[in-house]
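[1] predicted coordinates and the sequence they were generated for:
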Amino acid sequence: MAVEAAVPREQFQALAWSGDGLLLLDQRQLPGNESYLLCRTAADVAEAINAMSVRGAPAIGIAAAYGIALAARELGSADDWSAALEPSFAMLEGTRPTAVNLAWALRMMQQQLQRLPEGSDVPATLLALARQIHDSDREANLTMGRLGMQQLRKYDKRPQHVITHCNAGALATGGFGTALGVIRTAHAAGLIEQVHANETRPWLQGTRLTAWELMREGIPVSLQADLAVGHLMKEQSISWVIVGADRIAANGDVANKIGTYALAVLAMHHGVRFMVVAPSSTIDMQLDNGDLIPLEERDADELLIVGNRQLDTGAEVFNPVFDVTPADLIDVIVTEKGIIERPDARKLADMMSRQRLH
Ligand SMILES: CSC[C@H]1O[C@H](OP(=O)(O)O)[C@H](O)[C@@H]1O
């Protein structure tokens, strides 16, 4: 069981490796309580991902990689490391189905393990790779921040109003954020007048996490009910919707937090440009289209418990926490390898063949 831990020295990080294990900022407690969990085992990490103490596609992939490093440290030695670690791989991969970054990070760890020569220091090597996956994700976000900001500036050099949904910030990644990385970079370039953040029912990633991140940095943010965005687009000149992603199919269809699809339809109707920001580890070339993406459904209580009130009337509850936005509603996908305007299968295949820009 993960335990409460001291706050790391530096400014908040969703995840940080300490000598004792993996420190996670417990996102269930935000805002209001910045408490950290110390995960010492793979089971601790799996529990934290399931409970959404750590969440966000890249962040859960990074956490799972550290979970494998913890499992190897716990074992200490093994005659057959792949066999010994297999249960930990299965446990971590079985936590949440939609974010492909989880499977991608675990595959990186498995491939590394299979390449190691006899006599290698497996725990140290796996920890080094987990840290590299973590650092590389943050680097990718800095690159995407610049590329996304350039898209805003390409169409309008003035400060502008943008909408974001859920939390695709430093809390959802290895640092800096994907969609919020673009917003941070655009704000620093004087291109952001106001961020309009959807509360993002039912888990309230917008109200509890995105507003918290942006307010800490003095980035102007206002909150609205998710379905207020139609009225907002009608009344306010909005230049872009900027969101993250949990899985992008080979044809450019995007799985993201529930409500993203409706947002994209409204954006199309109102002539608002739609940007998806995600590292290439989010692109799943094994899936031809978004209909094949597994969409997580979570417990009814996530809708029915509001504050400390249980609102159960006996009515059935449908709680899918992701939906799929078709590629033809997306103006641009920003990755660390470059941008894809009007995404389609050919353009994604070309993108995936490129080297990273940094
Ligand atoms: C930078 S990916 C963030 C992505 O993950 C969120 O889902 P959850 O909070 O359930 O992990 C949401 O889809 C965000 O866009």
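    Perfect, I can see it now.
[2] return the set of buried residues in the helix or strand containing residue 142.
    Using DSSP states H and E, the element containing residue 142 is helix 122-155. For helix 122-155, burial by neighbour count (16 or more other C-beta atoms under 10 Å) applies to 122-123, 125-127, 129-131, 133-134, 136-152. Backbone N, C-alpha and C define where each C-beta goes, glycine included.
[3] what's the first helix or strand after that helix?
    Elements were assigned by DSSP H and E; along the chain past helix 122-155, the next helix or strand is strand 160-164.
[4] for whichever helix or strand comes after that next one, what is the distance to the chain centroid?
    Past strand 160-164, further along toward the C-terminus, the next helix or strand under DSSP H and E is helix 179-188. Relative to the chain's own centre, helix 179-188 is displaced by 15 Å; criterion: C-alpha atoms, centre = their mean, to the nearest Å.
[5] does the ligand have contacts with helix 179-188?
    No: interface with the ligand: helix 179-188 contributes nothing (C-beta under 6 Å from any ligand atom), its closest point being 6.9 Å away.
[6] ok, now stretch 213-220?
    No: for stretch 213-220 and the ligand, the contact criterion (C-beta under 6 Å from any ligand atom) is not met; the two come no nearer than 11.9 Å.
[7] now do that stretch: everything it contacts.
    With contact meaning C-beta atoms under 8 Å, 6 or more residues apart in numbering, stretch 213-220 is reached by 167, 169-171, 177, 180, 183-184, 187, 192-195, 197, 221.
[8] state the pair within those residues that is farthest apart.
    171 and 193 (23.7 Å; C-beta to C-beta).
[9] okay, these two: which has more neighbours?
    Per other C-beta atoms under 10 Å, whichever of residue 171 and residue 193 has more neighbours is residue 171, with 26 against 14.
[10] which residues touch the more buried one?
    Residues near residue 171 by C-beta under 8 Å, 6+ apart: 14, 25, 27, 30, 55, 56, 59, 177, 209, 213.
[11] give me the sheet partners of whichever helix or strand residue 333 is part of and which way each runs.
    The secondary structure element spanning residue 333 is strand 332-335 (assigned by DSSP H and E). Applying DSSP bridges to the sheet, strand 332-335 is found paired with strand 273-277 (parallel), strand 338-341 (antiparallel).
[12] many thanks, I have nothing further to ask.
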